[in-house]
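Chemist: Please find the sequence and the predicted model below.
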Amino acid sequence: MIRRPLPVLTLMLSLAFGAPFASAAAAVAAAATDSAADNAPAARRDLRETYTKYEYRIPMRDGTRLFTVVYVPKDSSKTYPFLINRTPYSVGVFADGERHYGVDWFPKQLGPSREFDDAGYIFVKQDVRGRYMSEGKWVEMTPHGKDVKRVPGEGTESQDMYDTMEWLLKHIPNNNGKAGIYGISYPGFYTAASIIDSHPAIKAASPQAPVTDLYMGDDSYHGGAFMLAANFGFYSSFTEQQNPTPLPKTHSEFDYGTADGYDFFLQHLTMQNILGTLTDNQRALLAPTIDHDTYDDFWKIRSIAPHLKNVKAAVLTVGGWFDAEDPQGPFTTYHAIKKNNPGIFNGLVIGPWVHGGWAGYDGKHLGRVSFDRKTGEDFRANIQFPFFEQQLKGVKPAKSIAEVTAFETGSNVWRQYSAWPPVPAKPRTLYFGANGKLSWQQPAAVTPTSAPYDEYVADPKKPVPFVGYAVTDVPQEYMVSDQRFAASRSDVLVYQSDVLEEDVTIAGPVTPKLFVSTTGTDADWVVKLIDVYPAEYPATTAGGEAQERGHDVAAPSSPMAGYQMLVRGNPLRGKFRNGFEKPEPFVPGKVESISYHLGDVDHTFRRGHRIMVQVQSSWFPLVDLNPQTFVSIPKAKPEDFKKATQRVYHAPETPSGLQVLVMPQP
């Protein structure tokens with residue numbers, strides 16, 4: 001899974017080793033450099049001048065000791081709240097190319113943003129049970145249920161946080177008796193898990209990009225399909241170690257032997273062959289996630305959402321519209337806390353960000369798509385910092401924080417709502433029609449010369465790629481990437497609206513409702529919602545250099561005119577069309593209805609743009625290959641992978657389309 005950890009600037013490089021992407025460390029380093037340049041005086045200040053660092057081994061109720069680093073302000077004339085971050089990615093300081101423990105090593109920043117370091121907090125950072133310098137047995141997504149069988153050394157995150165809080169209050173002087181907790185990605189999970197039956201001193205919590213249910217839309221599975229490239233890259237470097245240990249000081253990346261992951265995975269084809277390229281240690285955590293390809297007890301006990309009860313803290317959950325790792329976790333966490341904990345502040349912030357992008361990026365662009373303003377700075381200065389200041393110090397914010405703050409892409413404005421989805425949004429359906437037509441009208445009767453369906457041949461030996469360029473990782477920009485490369489393929493169906501005469505704002509969950517058939521016994525259905533830019537559009541990126549005498553031929557420019565921006569896409573593995581616990585084969589040629597959760601959006605398709613929907617049966621190697629025969633995919637053999645003809649129907653009695661929630665226009 002890719003719980004890509006990017007919590008704060010100075011931890012980014014050390015924590016980025018939790019990410020599988022070759023480009024992650026470089027991109028994060030650039031973000032850290034940019035942010036430091038924006039705040040040069042603060043970046044130059046040595047935190048040793050104002051903080052003293054301590055390292056402790058805090059005992060839990062079962063005797064296990066958790067390694068905890070505490071940075072205490074040297075000014076003892078006043079009291080301070082605790083601000084806590086619990087992580088499986090090490091609390092060591094990354095410097096000189098390695099991770100270091102010891103009181104002499106200081107990061108360049110302590111809090112989730114630079115505002116916190118100057119405001120005065122007692123910063124607490126803890127290696128969770130069984131990771132790095134902490135004792136105990138680490139468990140993937142620590143199960144919370146009372147009936148869970150635990151081996152010696154395993155624990156419960158809420159109990160570990162409670163015991164930690166008790167110790168801190170008694171042993172760290174000059175605290176004001178209040179604490180906040182935050183974390184991004186896997187630390188976002190630990191944040192949410194830590195506030196179940198929470199200690200009364202914990203007054204504020206911010207789970208950010210939290211891993212909530214690995215199978216249901218977060219890192220491991222989307223629509224029952226395995227997120228192959230991301231998980232393979234993550235687990236090749238995220239392995240268990242004998243602990244306590246400061247190792248590994250660095251992480252090495254997997255050598256694919258090629259610059260194109262598409263070729264690498266296609267060459268190995270089957271899951272057994274793909275796993276065979278890893279060592280036993282690299283397979284130890286990855287293999288179970290592949291073997292458990294249905295929603296069984298392995299996944300159910302790891303879902304934290306049902307247990308988010310008796311939360312006493314104010315909660316601010318944060319996520320990104322273009323989070324490739326945990327797009328569903330923030331919504332699941334927000335809804336679960338709201339359902340189970342009436343009376344507390346329960347906020348949700350969703351911006352135009354990649355996984356953890358609000359922590360260090362300015363948030364003005366993603367790839368070639370512009371958002372017109374520094375949305376990351378908006379969040380850090382105007383939402384995150386005021387939230388903790390209010391809850392932990394009683395500082396009234398200049399502007400009240402809404403229950404839901406969402407960035408509306410397309411129009412590129414922040415919106416405040418009283419709930420998610422927004423109450424004014426009403427359901428409508430975009431219907432597929434003949435000749436690639438997409439409209440709000442149901443299909444008319446089929447004429448004798450037209451077919452009631454569109455079809456294509458899906459060949460698992462020639463799958464549709466998820467980006468139009470060679471890459472071994474999962475580039476963060478893929479979630480807004482130009483889809484013109486896919487639209488031209490014969491195994492991709494394209495439905496497109498007329499040019500819009502007025503803005504259309506979609507806010508809330510998107511639900512494909514399709515009528516399909518296949519000549520195989522299983523099939524994936526990948527649906528993509530796309531914003532098609534006008535044929536004339538202002539240039540937003542630098543083009544090729546002017547051709548001059550004696551110079552080589554320059555690369556062509558890449559105008560945004562006609563750009564097909566991916567707004568949201570996701571698969572459904574067809575065998576799970578009636579539930580994720582028990583797969584069911586297709587009857588070849590039989591027309592069946594399928595419906596699934598594509599994801600949530602808040603996007604305006606502007607006047608002059610078009611709305612497009614693409615349908616295909618592979619998205620490789622982002623998603624693992626479906627053999628298109630009803631077999632156990634983890635055990636599939638090369639001969640199981642077969643071509644199939646897929647049909648999508650658009651007749652009056654079989655009206656395929658996309659159900660969306662549309663906001664009224666002013």
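Modeler: Sure thing, it's come through. Residues are numbered from 1 along each chain as shown.
Chemist: most residues in a single strand of the protein, which one?
Modeler: Ranked by residue count, the top strand of the chain under DSSP state E comes out as strand 504-518.
Chemist: immediately after that strand, which helix or strand?
Modeler: Per DSSP states H and E, the first helix or strand lying C-terminal to strand 504-518 is strand 524-532.
Chemist: from what I can see Val601 touches Thr511, true?
Modeler: No: using C-beta atoms under 8 Å, Val601 makes no contact with Thr511, being 11.4 Å away. C-beta here means a position set from N, CA and C on the backbone, and glycine is covered the same way.
Chemist: higher neighbour count, those two?
Modeler: Per other C-beta atoms under 10 Å, whichever of Val601 and Thr511 has more neighbours is Val601, with 23 against 18.
Chemist: Which residue is the nearest non-sequential neighbour of the more buried one?
Modeler: Take Val601 and drop its neighbours on the chain: the residue closest to it by C-beta to C-beta, 6 or more residues apart in numbering is Arg568, 5.1 Å away.
Chemist: repeat for Lys635
Modeler: In space, Lys635 is closest to Gln272, 7.1 Å off (C-beta to C-beta, 6+ apart).
Chemist: Tell me if I'm right that Leu169 and Lys178 touch.
Modeler: No: here Leu169 does not reach Lys178: they are 9.8 Å apart, not a contact under C-beta under 8 Å.
Chemist: Centroid-nearest residue for this protein?
Modeler: Taking C-alpha atoms, centre = their mean, the centroid of the chain lies closest to Asp326, which sits 2.4 Å from it.
Chemist: what about that residue, distance to Thr333?
Modeler: Separation of Asp326 from Thr333 (C-beta to C-beta, to the nearest Å) stands at 10 Å.
Chemist: what residues do the two have in common as contacts?
Modeler: Taking C-beta atoms under 8 Å, 6 or more residues apart in numbering as the criterion, Asp326 and Thr333 both touch Pro210, Thr212.
Chemist: in the sheet, who's paired with Gln416?
Modeler: Beta-bridge partners for Gln416, by DSSP bridges, are Thr405.
Chemist: how far away is it from Asp602?
Modeler: According to C-beta to C-beta, Gln416 and Asp602 sit 12 Å apart.
Chemist: More neighbours: which of the two?
Modeler: Shown here are Gln416 and Asp602; by other C-beta under 10 Å, Asp602 has more neighbours (28 against 13).
Chemist: Name the helix or strand for the more buried one, please.
Modeler: Per DSSP H and E, Asp602 falls inside strand 599-605.
Chemist: quick one: that strand to strand 504-518, angle?
Modeler: Taking axes from the mean of the first three to the mean of the last three C-alpha atoms, to 10 degrees, one finds strand 599-605 and strand 504-518 inclined to each other by 130 degrees.
Chemist: residues in contact with strand 599-605?
Modeler: With C-beta under 8 Å, 6+ apart, strand 599-605 has contacts from 217, 321, 327-328, 331, 350, 406-411, 415, 420-421, 500, 503-510, 529, 531, 567-568, 570, 611.
Chemist: Just to check, Ser617 is in contact with Arg489?
Modeler: No: taking C-beta under 8 Å as the definition, Ser617 is not a contact partner of Arg489, at 11.2 Å.
Chemist: what residues do these two have in common as contacts?
Modeler: Common neighbours of Ser617 and Arg489 (criterion: C-beta under 8 Å, 6+ apart): Val464.
Chemist: Please say which of those two ends up with more neighbours.
Modeler: Using other C-beta under 10 Å as the criterion, Ser617 and Arg489 rank with Ser617 on top: 28 against 15.
Chemist: Count the neighbours of the spatially closest residue to the more buried one that is not a sequence neighbour for me.
Modeler: Leaving aside its chain neighbours, Ser617 sits nearest to Ala458 (3.8 Å; criterion: C-beta to C-beta, 6+ apart). Close neighbours of Ala458, defined as other C-beta under 10 Å, add up to 25.
Chemist: tell me the contacts of Ala458?
Modeler: By C-beta under 8 Å, 6+ apart, Ala458 lies in contact with Asp491, Ala523, Gln616, Ser617, Ser618, Gln628, Lys643, Ala644, Thr645, Gln646.
Chemist: I figured Val369 hits Met565, correct?
Modeler: Yes: counting by C-beta under 8 Å, Val369 does reach Met565; the two are 5.9 Å apart.
Chemist: shared neighbours, the two?
Modeler: The contact sets of Val369 and Met565 overlap at Val480 (C-beta under 8 Å, 6+ apart).
Chemist: quick one, what contacts the spatially closest residue to Gly574 that is not a sequence neighbour?
Modeler: Nearest residue to Gly574, sequence neighbours excluded (C-beta to C-beta, 6+ apart): Ala523, at 4.4 Å. Contacts for Ala523 were tallied using C-beta under 8 Å, 6+ apart; they are Ala458, Val516, Gly574, Phe586, Ser617, Asn626, Gln628, Ala644, Gln646.
Chemist: so which helix or strand takes in the last one?
Modeler: In this case it means Gln646. With DSSP H and E as the test, Gln646 turns up in strand 644-651.
Chemist: quick one: the helices in the stretch 101-250 of the chain?
Modeler: Remark: helices assigned in the stretch 101-250 of the chain by DSSP state H, counting those that start in this stretch are 114-119, 157-171, 186-194, 228-235.
Chemist: of all these, which gets the most neighbours per residue?
Modeler: Most buried of the helices of the stretch 101-250 of the chain, by mean neighbour count (mean count of other C-beta atoms under 10 Å): helix 186-194, with a mean of 30.
Chemist: Next, the spatially closest residue to Ser236 that is not a sequence neighbour: secondary structure please.
Modeler: Counting by C-beta to C-beta, 6+ apart, Phe254 is the residue found nearest to Ser236 once chain neighbours are left out, at 3.9 Å. Here Phe254 is coil, with the state taken from DSSP: H, G, I helix; E, B strand; the rest coil.
Chemist: Phe254 is in contact with Tyr235, isn't it?
Modeler: No: Phe254 is beyond contact range of Tyr235, at 9.3 Å (criterion: C-beta under 8 Å).
Chemist: what do the two both touch?
Modeler: Jointly contacting Phe254 and Tyr235 under the rule C-beta under 8 Å, 6+ apart are Leu278, Gln282.
Chemist: any low-confidence regions in this structure?
Modeler: 1-45, 540-548 (pLDDT under 70).
Chemist: all strands of the stretch 401-550 of the chain, in order?
Modeler: In the stretch 401-550 of the chain, the strands defined using DSSP state E, counting those that start in this stretch lie at 404-408, 413-417, 426-432, 438-439, 453-458, 493-496, 504-518, 524-532.
Chemist: Adding distance to Pro655, write those strands out as JSON lines.
Modeler: Output for the strands of the stretch 401-550 of the chain, formatted as JSON lines (distance: least, C-beta to C-beta, whole Å):
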{"stretch": "strand 404-408", "distance to Pro655": "29"}
{"stretch": "strand 413-417", "distance to Pro655": "30"}
{"stretch": "strand 426-432", "distance to Pro655": "6"}
{"stretch": "strand 438-439", "distance to Pro655": "11"}
{"stretch": "strand 453-458", "distance to Pro655": "12"}
{"stretch": "strand 493-496", "distance to Pro655": "12"}
{"stretch": "strand 504-518", "distance to Pro655": "7"}
{"stretch": "strand 524-532", "distance to Pro655": "15"}
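Chemist: ok, for Ala425, nearest residue in space, not its chain neighbours?
Modeler: Leu661 (3.7 Å).
Chemist: With Val480 instead?
Modeler: Val369 (4.5 Å).
Chemist: Name the SS class of Gln614, please.
Modeler: Three-state call for Gln614 (three-state DSSP): strand.
Chemist: Residues in a beta bridge with the closest residue to it other than its chain neighbours, which ones?
Modeler: Nearest non-adjacent residue to Gln614, counting by C-beta to C-beta, 6+ apart: Lys528, 4.4 Å away. In this entry, Lys528 is beta-bridged to Gly569, Gln614, by DSSP bridges.
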